[in-house]
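**Student:** sequence? don't have it. structure:
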DNA sequence: GGACGATGATACCGGTCGGTAACATGCCAA
DNA sequence: TTGGCATGTTACCGACCGGTATCATCGTCC
């Protein structure tokens, strides 16, 4: 992989933002288009055009469209864990508060941004070929999510902490999927309260 | 729409099944391929080939691929409500048993067939264009599912029956989505118990 | 026998798909 | 000044996309 330019700065008096590298622009455009329109619905030509770059620059920076998709999902995963830690961090010794903070933030994001659900979850639907390089990312992400939820539910002292963790993960995934058809005022509207009920029923 | 042949029978001594009409074969092949490989991943040529028919027969029976997709989803919806009634029917005066029967059946199907989740839910992910004729089917289906769940939860006498219904719908949708990456041994394994916990917490 | 409806066969259309080759340009650093 | 290196430009490739036109064939029913 070509190492991306990491923002060279001209020290002119007026702070003019340097144009990101073609790779970075293509990467950003790809993530945006894939998320909004779907992976299969977006061609490499439209990615290059949206990035203000050319298809050649795309193929100089990424091996193939499939690899570009995998890279995009890896970035989504990184950001997801950053969000996770930022959300649960303030509630270190209080697993119940940490869990509720996750669902609070989730519900908020459903209302404001992320109307197209979860990029990784959507990829699980769109990419049916097991050989696709992005499938490994999808599976790893969901496994890790399960592991983290279990750890929180165990720390919570839940009666059946594995069942509770699974139930919460189903609620999260369901929120992503449901949002695509009924929006934030569909079942998503009850996401946080349902999670709270389930947690309370196990503690 | 062309009226499909409804199974003309030759009265020969040996009961030989008459070949279904081209329309029926194409319809069946389309549903199967769309479900297993995804809507956008399947071209009209492969549908015709899989059906042992020609592309012309496809376009004589259906206006376009998009309309074919919509018809397939409508059929999935019909079958879903048949399943719903067959599953809840035996528990007419017992909403709790009816709800649990739904989740029991859901968990069973996750283990045996339906490894690719919900055809309608998947379509919600794949079809991002609001103008697509199948989107109306997706939205109508999920609305009706919500209505039915609410009715059951109200009959159950749940404290917050709307929240409970939403929570159960999120669990169902989450089960479909989660199954695509972690299979039946992922969070799906706890689907029924999570649903039961949530129900009990509200009654 | 003859007409008709359903189906097959084949060739075709313009457009887009993912991906590549060859060459030009422009900018920064040594 | 002179390289490189990143990038743009253009043209191209074979394959497939959804969709159509034309004509041949087959079985069935009157």
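**Tutor:** That came through fine. All figures in this text were calculated on a predicted structure; none of them were measured in a lab. Numbers count the residues shown, from 1 in each chain, chains lettered A, B, ... in the order given.
**Student:** close to chain B, is stretch A:167-180?
**Tutor:** Yes: contact of stretch A:167-180 with chain B (Cβ under 8 Å from any Cβ of the partner chain) involves A:167, A:169-178, A:180. (Glycine included, C-beta is placed from N, CA and C.)
**Student:** so, in contact with DNA strand D or not, the host helix or strand of residue A:24?
**Tutor:** Element membership of residue A:24, judged by DSSP states H and E, is helix A:22-37. Yes: judged by Cβ under 7 Å from any atom of the strand, helix A:22-37 and DNA strand D are in contact via A:22-23.
**Student:** what about that helix, near chain B?
**Tutor:** Yes: Helix A:22-37 lies within reach of chain B by Cβ under 8 Å from any Cβ, at A:36-37.
**Student:** packing partners for that helix?
**Tutor:** Judged by 3 or more Cβ pairs under 8 Å, 6 or more residues apart in numbering or on different chains; DSSP states H and E, helix A:22-37 is in contact with helix A:44-51, helix A:55-61, helix A:65-88, helix A:119-126.
**Student:** including secondary structure and pLDDT, could the residues of stretch A:167-180 next to chain B go into JSON lines?
**Tutor:** Below are those laid out as JSON lines (DSSP: H, G, I helix; E, B strand; the rest coil; pLDDT from 0 to 100):
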{"residue": "A:167", "secondary structure": "helix", "pLDDT": "98"}
{"residue": "A:169", "secondary structure": "helix", "pLDDT": "98"}
{"residue": "A:170", "secondary structure": "helix", "pLDDT": "98"}
{"residue": "A:171", "secondary structure": "helix", "pLDDT": "98"}
{"residue": "A:172", "secondary structure": "helix", "pLDDT": "98"}
{"residue": "A:173", "secondary structure": "helix", "pLDDT": "98"}
{"residue": "A:174", "secondary structure": "helix", "pLDDT": "98"}
{"residue": "A:175", "secondary structure": "helix", "pLDDT": "98"}
{"residue": "A:176", "secondary structure": "helix", "pLDDT": "98"}
{"residue": "A:177", "secondary structure": "helix", "pLDDT": "98"}
{"residue": "A:178", "secondary structure": "helix", "pLDDT": "98"}
{"residue": "A:180", "secondary structure": "helix", "pLDDT": "98"}
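**Student:** tabulate those residues (TSV), appending distance to DNA strand C and neighbour count.
**Tutor:** Below are these laid out as TSV (distance: Cβ to the nearest atom of the strand, whole Å; neighbours: other Cβ atoms under 10 Å in any protein chain shown):
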residue	distance to DNA strand C	neighbour count
A:167	37	32
A:169	31	24
A:170	32	28
A:171	33	27
A:172	29	23
A:173	27	30
A:174	30	28
A:175	29	31
A:176	24	24
A:177	24	30
A:178	28	30
A:180	22	27
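**Student:** before we move on, back to that, as a markdown table, the helices and strands packed on helix A:22-37 with distance to chain B would be great.
**Tutor:** Putting the helices and strands packed on helix A:22-37 into a markdown table (distance: least, Cβ to the nearest Cβ, whole Å) gives the following:
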| stretch | distance to chain B |
| --- | --- |
| helix A:44-51 | 14 |
| helix A:55-61 | 21 |
| helix A:65-88 | 12 |
| helix A:119-126 | 4 |
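**Student:** hmm, back to that, from the residues of stretch A:167-180 next to chain B, which is closest to residue A:24?
**Tutor:** Nearest to residue A:24 among the residues of stretch A:167-180 next to chain B: residue A:176, at 27.1 Å, using Cβ to Cβ.
**Student:** the nearest residue to residue A:88 once chain neighbours are set aside: neighbour count?
**Tutor:** Nearest residue to residue A:88, sequence neighbours excluded (Cβ to Cβ, 6 or more residues apart in numbering or on different chains): residue A:98, at 4.0 Å. Neighbourhood size, residue A:98 [other Cβ atoms under 10 Å in any protein chain shown]: 19.
**Student:** what angle separates the strand or helix carrying residue A:98 from helix A:65-88?
**Tutor:** For residue A:98, the host element (DSSP H and E) is helix A:95-112. Helix A:95-112 and helix A:65-88 are oriented at 130 degrees to each other (axes from the mean of the first three to the mean of the last three Cα atoms, to 10 degrees).
**Student:** and helix A:95-112, which residues are buried?
**Tutor:** A:95-96, A:98-107, A:110 (16 or more other Cβ atoms under 10 Å in any protein chain shown).
**Student:** distance of the most centrally placed residue in chain A relative to residue B:19?
**Tutor:** Among the residues of chain A, the one closest to the centroid is residue A:76, at 4.3 Å (Cα atoms, centre = their mean). Counting by Cβ to Cβ, to the nearest Å, the gap from residue A:76 to residue B:19 is 48 Å.
**Student:** quick check: the closest residue to residue A:119 other than its chain neighbours vs DNA strand C, distance?
**Tutor:** Closest residue to residue A:119 apart from its sequence neighbours, by Cβ to Cβ, 6+ apart: residue A:76 at 4.6 Å. Distance, residue A:76 to DNA strand C, by Cβ to the nearest atom of the strand, to the nearest Å: 19 Å.
**Student:** the residue nearest to residue A:88 reaches residue A:152, doesn't it?
**Tutor:** Yes: the criterion here is Cβ atoms under 8 Å, and residue A:98 meets it with residue A:152 at 5.9 Å.
**Student:** for residue A:92, grab the count of nearby residues.
**Tutor:** A count of neighbours around residue A:92, defined by other Cβ under 10 Å, yields 9.
**Student:** rewinding a little: quick one: common contacting residues for residue A:98 and residue A:152?
**Tutor:** residue A:88 (Cβ atoms under 8 Å, 6 or more residues apart in numbering or on different chains).
**Student:** tell me which parts of chain A are close to DNA strand D?
**Tutor:** A:2, A:5, A:21-23, A:52-57, A:60-61.
**Student:** turn those into TSV, including distance to residue A:81 and neighbour count.
**Tutor:** Output for the residues of chain A next to DNA strand D, formatted as TSV (distance: Cβ to Cβ, whole Å; neighbours: other Cβ atoms under 10 Å in any protein chain shown):
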residue	distance to residue A:81	neighbour count
A:2	25	10
A:5	25	13
A:21	25	19
A:22	28	21
A:23	23	20
A:52	30	12
A:53	29	20
A:54	33	14
A:55	32	14
A:56	33	10
A:57	29	17
A:60	29	13
A:61	24	21
